[in-house]
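Visitor: got a predicted model here, sequence first, then my questions.
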Amino acid sequence: MSEQQERLVVAAAIVDDLTLPTRLLTARRSEPPELAGGWEFPGGKVEAGERPLDALHRELREELGVAVEVGGEITGPLDGRWPLGPGLTMRLWLAVVADGVPAPLEDHDELRWLGPGEWAAVPWLPADVAVVEALIARCPSARV
Ligand SMILES: Nc1nc2c([nH]c(=O)n2[C@H]2C[C@H](O)[C@@H](COP(=O)(O)OP(=O)(O)OP(=O)(O)O)O2)c(=O)[nH]1
């Protein structure tokens, strides 16, 4: 599949503090059946003609009911993107909640704040395991 046909997913590592993050919000997928039960970074697919950060704000509003302040990007190995599977890559940004209280409004059946030393302690979606490792490496304040 060519790069043009690849679908971009944008997602947020929502933390308690952009400078010294200690808590990370994770969301458990409720659909589709093959992904249900896996934990992920809230977000979703960028629509045609939509800018990635606009898509991120839209997805977080729809899925969690929150507005966020976006921080630095956690870049992956594919020109900054993370591989998720055939035809799908993800960009991920740190973010903090600016307005609202996160709630599992769409696509998720549970949200959980992971404390220091716990960021890898849920069954993340398979593609997210390497992403979480990179995130922990980037955030020493997340370790015990
Ligand atoms: N949001 C998100 N998706 C992820 C992560 N890890 C991972 O493999 N994925 C996969 C799961 C899905 O196949 C895809 C995201 O699609 P989605 O279903 O959330 O997108 P969407 O809300 O825009 O929904 P739709 O247009 O497909 O109905 O990326 C992650 O950490 N966050």
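Guide: Sure, I can see it. Predicted, not measured: the structure shown is a model, and the values here were computed from it.
Visitor: residues in contact with the top strand by length along the chain?
Guide: Ranked by residue count under DSSP state E, the longest strand found in the chain is strand 88-99. With contacts defined as CB atoms under 8 Å, 6 or more residues apart in numbering, strand 88-99 is touched by 6-18, 21, 41, 43, 52-53, 56, 60, 66-74, 76, 78, 80-84, 127, 131, 135. For every residue, glycine as well, the C-beta is placed using N, CA and C.
Visitor: which non-adjacent residue is nearest Ala12?
Guide: Ala95 (4.1 Å; CB to CB, 6 or more residues apart in numbering).
Visitor: typo on my end, Val129
Guide: Nearest-residue entry for Val129: Ala120, 7.8 Å, with adjacent residues in sequence omitted and distances by CB to CB, 6+ apart.
Visitor: can you pull the phi/psi pair for Pro140?
Guide: As for Pro140, its main-chain torsions (degrees, to the nearest 10) stand at phi -60, psi -30.
Visitor: give the buried residues for the longest strand of the chain.
Guide: Neighbour-count burial for strand 88-99 flags Leu88, Thr89, Met90, Arg91, Leu92, Trp93, Leu94, Ala95, Val96, Val97 (criterion: 16 or more other CB atoms under 10 Å).
Visitor: and the ligand, which of the residues you listed reach it?
Guide: Leu88, Met90 (CB under 6 Å from any ligand atom).
Visitor: which ones are touching Glu62?
Guide: With CB under 8 Å, 6+ apart, Glu62 has these contacts: Gly44, Leu105, Glu106.
Visitor: mind running it again at 10 Å?
Guide: Pro42, Gly44, Leu105, Glu106, Asp107 (CB atoms under 10 Å, 6 or more residues apart in numbering).
Visitor: quick one, phi/psi of the first one?
Guide: Dihedral angles phi and psi of Pro42 (degrees, to the nearest 10) take the values phi -60, psi 140.
Visitor: ok, it touching Leu111?
Guide: Yes: look at Pro42 against Leu111 with CB atoms under 10 Å: they come within range, at 8.3 Å.
Visitor: more crowded one of these two?
Guide: The residue with more neighbours, out of Pro42 and Leu111, is Pro42; 26 against 19, by other CB atoms under 10 Å.
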